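Participant: Need a 3D model of the sequence below.
(chains A and B)
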2 protein chains.
Amino acid sequence: MIRHTLPALRIVPNRLLDTIHLTSKWGAKFKWGDKETETGMSRLSLSQEDKKVRDWFVSETKSLGCEVKIDEVGNIFAIYPGQKSGAPTAIGSHLDTQPTGGRYDGVLGVTAGLEVLRTFKENNYTPQYPVAVVNWTNEEGARFPKSIMASSVWAGVSDLKEVYNIKSITDDTPVTVLEALQEIGYQGETAASHITNPLKAHFELHIEQGPILEKENKSIGVVTSVQAYRWMGIKLGGRAQHTGTTPMNMRADTFLTASQMAIAVNDIAKRHGGLGSVAELHLSPNVVNVIPEETRFIIDIRHAHDEGLKKMEEDIISEFSKLVKDTEVTLKIDDVFHNSATHFNQLCVDTVYNSAKTIVGEQNVKRMLSGAGHDSCSTSNAKVPTAMIFIPSKGGISHNPSEYSSPVEIAIGFKVLLETVMQYDYSRVD
Amino acid sequence: MIRHTLPALRIVPNRLLDTIHLTSKWGAKFKWGDKETETGMSRLSLSQEDKKVRDWFVSETKSLGCEVKIDEVGNIFAIYPGQKSGAPTAIGSHLDTQPTGGRYDGVLGVTAGLEVLRTFKENNYTPQYPVAVVNWTNEEGARFPKSIMASSVWAGVSDLKEVYNIKSITDDTPVTVLEALQEIGYQGETAASHITNPLKAHFELHIEQGPILEKENKSIGVVTSVQAYRWMGIKLGGRAQHTGTTPMNMRADTFLTASQMAIAVNDIAKRHGGLGSVAELHLSPNVVNVIPEETRFIIDIRHAHDEGLKKMEEDIISEFSKLVKDTEVTLKIDDVFHNSATHFNQLCVDTVYNSAKTIVGEQNVKRMLSGAGHDSCSTSNAKVPTAMIFIPSKGGISHNPSEYSSPVEIAIGFKVLLETVMQYDYSRVD
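Facilitator: Predicted structure coming up:
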């Protein structure tokens, strides 16, 4: 792969980080340190705080000369003009956060995109083709319980009307997505469609949200794919019996069986080189002296490859059946959610890799999987060439107020993003 | 042991069962069958429904010629006169129920006591010494979270002032025990004291609340002791991590450890011939894609002997320490509750056994432990000679609307109680 020699643009140090902290005033919460910036965030999608950061984003990008399109489901496309016309090379992520989230998840990707445009502008650099920064609506799925929501509508994977009717789960009086869009004035007129409002490519700079880069002392992760995952709902039925009066051999103890199953999930994940856990569980009646007559839980299994995930699922079904075989516990398995593996576009991945190698040296770059889903899965599903750039997350912590990446890590991530977008744009022949 | 030949008293068939169903109108709830009597009960201690059944109990026993004493904590002593004066031979249990309880737990014991007095009266039978029927306040510990509450005050085991200040957990606006007693007019003037208001003996007819009698096809259980039990509070600390981004070997998964511990408790209980379970558990944050950073649960272990229970506890502490040893999960163990084993009085137990043998034949009688605590533990703690009579519980089900014992089982239980009290009274020489 050829690396083009492009003009070296002057970067304003720390401005991206300052921008992240500036936007955090809309939703800052959960102070964890002494400094003013040491708080988490609660900026739920389509909330009043989200409206403020959106208004700011629109105003900032317009001031740079962007055309701003807002689609039917609130996705914002800020398009910086190029020398030629064509579908924009996009830099996308999301400005909404978890209810007890941090300052970087999603926000880094959008503000870094803005910083790319600012850098272009200040250096009087005009890319070959338009470059868009995209803020996707409700990636977190926290207020409206469907993650990667609006990018999947744009990608044609989710139905607009169904999404409009999703009700919020964090409001005392639930509102629908459509009502919330109208409430803050972000139901735009552009069709939410990758066909009529296309992107040429999609790059996303994101925090890793896991411990691997930190543990391996790498500064950039080049994301080659997003692993497949499946959530299986398990319901065990037994008998509510008095713990003091029921002999051990006359019990139908659903929690004992659930414990054996949680251990089996762990073993199966390790055996197949995947991930597996039980992290959500409900006992009924959940009283110290009554054997739980019902235990419900959700299994989360993940694997780099669809076939690996399938094998894990088969093993779980087979081992769970054995676990209840000689008991009086009944087993019911429901499919809760499934996402196939996403494999990013080779050219995009290579562009990221070479850019990272140039900025930090090959020894500091790691090709890796993304464990979590991202808006980039939607763009990839829409056959838009896509890749992602990861920077380290301190302690692997995310979806938590203390989520943290250092100023240096952020600055490096930005440089890789800038180089990637410039290289990709320059190589475009459409 | 000598069995005295006593007059055969004429028993009115089915009246005890009719009385149980009559009193169930105060608190009937949770219909489970077609018949009017096929409901559960919700008659919380010192509630308005409880006041109604208490008023009825006082009125019925007074009409039989009883002296009725109400003590400071609402215990009702209905004392039927004997030929001589002396501390009464008591028949006691409780009229309060669980919030989702059945018709028999506790209620059987008090109404059967009343039926004994009615039978005496109709047969013009005057016992040697007074016979009391006692309704103990708040045995269930459901409204005011302290089970066997008022009998333990009477026994000198619990402090009256502390008990007065216990707040209800089932009311929207919590009230104290004292307020509730005053509200329904059942704060009596008799001191709650086994010293100034003594009983000579205490017999309690109760449903087994377990499956053993049914499974072994026995009609009467002679309770020789109440097993020791301990509740241990376990708190595991780990890290909230993304299930999709955290490699298996970098996790501090508290629920995985909790699962291993629940299995260990089960194994330890079986090894020592005791009982052990985890039935109350809380995960935090309890979200499918976040490793639980905290898991809290309560272990319930029981054993016939204090030494056996101690060994189980030691094994748990030792095995739990091993389970967290090479992990990053932290372990904290708290003592939540402990009750030593209660061994009932030999003469009382023998009196019950011989009475049961006479009524149903030795092959239908089983000497057994009580798994649950009862007011009889309080009287036994107060050095009052005590024993209990169990009848079968269908499916071992209790603390549940569908709790059930058949009319025949109830009639047999009553006959054994009547014979026991008459034999004990007759043998008294004080």
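
Participant: how many other residues sit next to the residue of the stretch 301-430 of chain A found nearest chain B?
Facilitator: Nearest residue of the stretch 301-430 of chain A to chain B (CB to the nearest CB) works out as A:Gly371 at 3.4 Å. Quick note: C-beta positions are derived from backbone N, CA and C, even for glycine. Residues within reach of A:Gly371, counting by other CB atoms under 10 Å in any protein chain shown, total 22.

Participant: wait, what's in contact with it?
Facilitator: A:Gln209, A:Gly210, A:Val226, A:Gln227, A:Leu275, A:Arg302, B:His242, B:Thr243, B:Gly244, B:Thr245, B:Thr246 (CB atoms under 8 Å, 6 or more residues apart in numbering or on different chains).

Participant: most distant residue from the middle of chain A?
Facilitator: Within chain A, A:Thr245 marks the point farthest from the mean C-alpha position, 49.2 Å out by CA atoms, centre = their mean.

Participant: wait, it sits on B:His206?
Facilitator: No - judged on CB atoms under 8 Å, A:Thr245 makes no contact with B:His206 at a distance of 10.8 Å.

Participant: what is A:Ile391 paired to in the beta sheet?
Facilitator: Beta bridges link A:Ile391 to A:Ile207, judged by DSSP bridges.

Participant: contacting residues around it?
Facilitator: A:Ile391 touches A:108, A:205-208, A:213, A:219-221, A:405, A:409-410, A:412-413, counting by CB under 8 Å, 6+ apart.

Participant: could I get the residues you listed as TSV with pLDDT?
Facilitator: Below are the contacts of A:Ile391 laid out as TSV (pLDDT from 0 to 100):
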residue	pLDDT
A:Leu108	98
A:Leu205	98
A:His206	98
A:Ile207	98
A:Glu208	96
A:Leu213	97
A:Ser219	98
A:Ile220	98
A:Gly221	98
A:Ser405	97
A:Glu409	98
A:Ile410	98
A:Ile412	98
A:Gly413	98
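
Participant: What is the neighbour count of whatever residue of the stretch 51-200 of chain A ends up closest to chain B?
Facilitator: Taking CB to the nearest CB, chain B has its nearest neighbour within the stretch 51-200 of chain A at A:Thr100, 8.3 Å off. The number of residues packed near A:Thr100 is 16, by other CB under 10 Å.

Participant: list the contacts for it?
Facilitator: A:Lys29, A:Phe30, A:Gly40, A:Ser42, A:His399, A:Asn400, A:Pro401.

Participant: Of these, select the buried ones using a ChimeraX command.
Facilitator: Buried residues within the contacts of A:Thr100, by 16 or more other CB atoms under 10 Å in any protein chain shown, are selected in ChimeraX with:
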select /A:29,30,40,42,399,400,401
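
Participant: which of the contacts of A:Thr100 are close to chain B?
Facilitator: A:His399, A:Asn400 (CB under 8 Å from any CB of the partner chain).

Participant: what's the farthest-apart pair in the contacts of A:Gly371?
Facilitator: Farthest pair in the contacts of A:Gly371 (CB to CB) is A:Val226 and B:Thr246. Separation: 15.3 Å.

Participant: lowest average confidence, helix or strand, in chain A?
Facilitator: strand A:330-339 (a mean of 92; mean pLDDT, DSSP states H and E).

Participant: Mind checking what helix or strand follows it in sequence?
Facilitator: strand A:342-343 (DSSP states H and E).

Participant: That following strand and chain B, any residue contact?
Facilitator: No - figure legend: strand A:342-343 not in contact with chain B (CB under 8 Å from any CB); closest approach 12.5 Å.

Participant: That strand packs against which elements?
Facilitator: strand A:220-226, helix A:375-381 (3 or more CB pairs under 8 Å, 6 or more residues apart in numbering or on different chains; DSSP states H and E).

Participant: I'd like the ones you listed written out as CSV, with distance to A:Thr295 and mean neighbour count added.
Facilitator: Listed next are the helices and strands packed on strand A:342-343 as CSV, based on distance: least, CB to CB, whole Å; neighbours: other CB atoms under 10 Å in any protein chain shown:
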stretch, distance to A:Thr295, mean neighbour count
strand A:220-226, 31, 25
helix A:375-381, 32, 27
